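In: I'll drop the sequence and a predicted model, then ask my questions.
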Amino acid sequence: MNVGIEIGCDDTGQPVHVNIEELLATRLLVQGNSGSGKSHLLRRLLEESAHLVQQVVIDPEGDFATLADAYNHVVIDASDYNENEIATMGARIREHRASIILNLEALELEAQMTCAAAFLNAMFDAPRDHWYPALVVVDEAQMFAPSVSGDVPDAVRRASLGAMTNLMCRGRKRGLAGAIATQRLAKLAKNVAAEASNFLMGRTFLDIDMARAADLLGMERRQAERIRDLERGCFLGLGPAISRRPISMKIGPTKTSTKMGTHSLLPMPEAEPEDMRTMLFAEMESEPVLAREEPVAQPIAAEELIRQIAAPDLTTETASTSDSADDLSETDTIDIEPVVVAVLQDMLADENSAYQPDALLYQDFSVRCRMQQLPSVPLKLSDFRRRFALAKAGILDPDDARWAEILRAATQLPEDMAAPFLQIARAAMDGHPCPDDDTLGRAYGTRSPGRIRRLVEYMEKQGAIVVRADFGGKRSIGIPQLGLSTEAE
């Protein structure tokens, strides 16, 4: 079986080949500024190897969907599916060896990163029986493996970066070979870029990127200027699948092209100014002025949306009869605090509630309050998070003067650590033994012994607690700010 494909030709007109079997074992990194021909190079690589290996394309701009017109690729428009469905597809394509294009064009950056992470992780976690060789092409890789945090939440960035790291660092044993392309090496996480052994460097202008590209190609710094002079569609290649020495090449033509095409100059319209005015303002001067179009509604935050779903906004409704007015007056007389306490106690009675995300817990809280005939949810999400943390520690009335000192001591720690700290402080105040790791883990929302150990270490480093252990292994925890300590356990 011939495993070599022709990617282009060198300066003498001789064909340049890429060994696909070697590429699957050693991975590929492509760099080039916008307009250097990266997407054209990837398209040529995909077209020439389509009959040799399964292909998976992570396509943030929708450039590669046209491959499905000439080859057997299946296009998955990510905007039509939720995260679980995307993950299911990621597992299934490994089983059935389907070549696919994951089109992320319609998604915002945060959603693109989340979707790509779910898809790549599902491929990575496939059963061993499905570890068939697959070429995984990721265009604009700096979006999914950024070197620094950006505008997206840190949890999203970590998930996306972790998926890309798995692909490039650990994917080979699972049959996954990453071929990633980026506009700038400086924007791409180093541990992702460092795992590639094959390089194709296109036109680059910034000194820092030229220097890194020259280092990867084994060129001297004074030769880096050569990278700046490359023409569109020309690349310097190096690697076991390409050449043992840096080689200059021009990428060959492709059979398919992007639907957007290239932006070239067109002749300007030759219409006279008056004719142009007539076309622009046709049917505007004679017709009555229409009402101004309403602005597009801004997306509603998830927390606010959950609150609205759980409890309709009564301020937007007007009571049309005296009966409805009487109903509202009756609900206004409900003593809300006992209902909140009862609901929190019911939620804590469920063993799994401690490990649920805050959004789901708040939704459960909202539904329970409505079942108690409250006209609206009595707590905002931030207030609920605090009350639920207090309830875990047995503090159902935060206004009780007995807990004032404990609550002041808890303010020096992050909000998510309040519940385990309050449990320790409450045990110290009552003269009870130190809570065990399972109890602290339930308050913190984790079953991981490692996370619980790091939690206790962090609180001790912050000076919130002091841990003592005797020779028998019994542990007691002191609260310096309160001058109290738990019994040894």
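Out: Right, received. Where do you want to start? Numbering: from 1, shown residues only.
In: Which strand or helix spans residue 426?
Out: helix 418-430 (DSSP states H and E).
In: What mean pLDDT does that helix get?
Out: Taken as a whole, helix 418-430 has a mean pLDDT of 85.
In: Which elements pack onto it?
Out: helix 381-392, helix 404-410, helix 437-444, helix 449-461, strand 475-479, strand 484-485 (3 or more CB pairs under 8 Å, 6 or more residues apart in numbering; DSSP states H and E). Any C-beta I mention is one placed from the backbone N, CA and C, and that applies to glycine too.
In: if you set the cut-off to 7 Å instead, what comes out?
Out: helix 381-392, helix 404-410, helix 437-444, strand 475-479, strand 484-485 (3 or more CB pairs under 7 Å, 6 or more residues apart in numbering; DSSP states H and E).
In: Looking at the residue nearest the centre of the chain now. What's its pLDDT?
Out: With distances taken as CA atoms, centre = their mean, residue 156 lies nearest the centre of the chain, 2.9 Å away. Residue 156 carries a pLDDT score of 90 in this model.
In: Quick check: next helix or strand after the helix or strand where residue 75 lies?
Out: Secondary-structure assignment from DSSP H and E places residue 75 in strand 74-77. Next along the chain after strand 74-77, taking DSSP H and E as the criterion, comes helix 83-96.
In: quick one on the thing from earlier: list the buried residues of the helix holding residue 426.
Out: 418-429 (16 or more other CB atoms under 10 Å).
In: sorry, back to before: may I see the buried residues of the strand holding residue 75?
Out: 75-76.
In: re the thing from before, show residues contacting the helix holding residue 426.
Out: Helix 418-430 is touched from outside by 389-390, 392-395, 406, 409-410, 413, 433-435, 439-440, 443-444, 455, 459, 464-465, 477, 479, 482, 484-486, with contacts defined as CB atoms under 7 Å, 6 or more residues apart in numbering.
In: Now do the longest helix seen in the chain: which elements does it pack against?
Out: Determined from DSSP state H, the single longest helix within the chain is helix 109-124. Identification of packing neighbours for helix 109-124 by 3+ CB pairs under 7 Å, 6+ apart yields helix 83-96, helix 141-144, helix 154-165.
In: can we see that at 8 Å?
Out: By 3+ CB pairs under 8 Å, 6+ apart, helix 109-124 packs against strand 54-59, helix 83-96, strand 100-103, strand 134-138, helix 141-144, helix 154-165.
In: what is the orientation angle of that helix with helix 83-96?
Out: Counting by axes from the mean of the first three to the mean of the last three CA atoms, to 10 degrees, helix 109-124 lies at 40 degrees to helix 83-96.
In: State the mean pLDDT of helix 109-124.
Out: 93.
In: Show me which residues of it are buried.
Out: 109, 111-124.
In: okay, that helix in CSV with CA atoms only?
Out: C-alpha atoms of helix 109-124 as CSV (Å, rounded to 0.1, in the frame of the first residue of the first chain):
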residue,chain,number,x,y,z
LEU,A,109,-15.9,31.3,20.8
GLU,A,110,-16.9,30.0,24.2
ALA,A,111,-19.3,27.5,22.7
GLN,A,112,-16.8,26.5,20.1
MET,A,113,-14.2,25.7,22.7
THR,A,114,-16.8,23.7,24.8
CYS,A,115,-18.0,21.8,21.8
ALA,A,116,-14.5,20.9,20.5
ALA,A,117,-13.5,19.8,24.0
ALA,A,118,-16.5,17.5,24.4
PHE,A,119,-15.9,16.0,20.9
LEU,A,120,-12.2,15.5,21.3
ASN,A,121,-12.5,14.0,24.8
ALA,A,122,-15.2,11.6,23.6
MET,A,123,-12.8,10.4,20.8
PHE,A,124,-9.9,10.2,23.3
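In: Now tell me what touches that helix from outside.
Out: 56, 58, 60, 78, 83, 86-91, 93-94, 102, 104, 107, 134, 136, 138, 143-144, 151-153, 156-157, 159-160, 162-164, 166-167, 170-171, 174, 176 (CB atoms under 8 Å, 6 or more residues apart in numbering).
In: mind running it again at 7 Å?
Out: Outside of helix 109-124, the residues within contact range by CB under 7 Å, 6+ apart are 58, 60, 78, 83, 86-87, 90-91, 94, 102, 104, 107, 143-144, 152, 156, 159-160, 163, 166-167, 171, 174, 176.
In: and it with strand 54-59, angle?
Out: Here the directions of helix 109-124 and strand 54-59 differ by 170 degrees (the same axes, to 10 degrees).
In: chain center to helix 109-124, what's the gap?
Out: 7 Å (CA atoms, centre = their mean, to the nearest Å).
In: Taking helix 154-165 as reference, get the angle to it.
Out: Going by the same axes, to 10 degrees, helix 109-124 makes 40 degrees with helix 154-165.
In: could the helices and strands packed on helix 418-430 be laid out in CSV, adding mean pLDDT?
Out: Formatted as CSV, the helices and strands packed on helix 418-430 follow (pLDDT from 0 to 100):
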stretch, mean pLDDT
helix 381-392, 82
helix 404-410, 83
helix 437-444, 84
strand 475-479, 87
strand 484-485, 86
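In: Out of those, the one nearest residue 251 is which?
Out: Closest to residue 251 of these is helix 381-392 (CB to CB; 52.4 Å).
In: Who are the packing partners of the closest one?
Out: helix 336-348, helix 358-371, helix 418-430.
In: Contacts for the first one, please.
Out: Applying CB under 7 Å, 6+ apart, the contact partners of helix 336-348 are 353, 364-365, 368-369, 372, 374, 378-379, 387-388, 391-392, 396.
In: re earlier: okay, now the sheet partners of the strand holding residue 75, with direction.
Out: If you go by DSSP bridges, strand 74-77 pairs up with strand 100-103 (parallel).
In: and the closest residue to residue 369 other than its chain neighbours, how far is that from residue 460?
Out: What sits nearest to residue 369 in space, not counting adjacent residues and going by CB to CB, 6 or more residues apart in numbering, is residue 377, at 5.6 Å. From residue 377 across to residue 460, the span is 37 Å (CB to CB, to the nearest Å).
In: for residue 18, same thing?
Out: From residue 18 to residue 460 the distance is 55 Å (CB to CB).
In: So between these two, which is more surrounded?
Out: residue 18 (25 against 14; other CB atoms under 10 Å).
In: which SS class is the more buried one?
Out: Assigned with DSSP: H, G, I helix; E, B strand; the rest coil, residue 18 falls in the strand class.
In: Tell me which residues touch it, please.
Out: 4-5, 7, 241-242.
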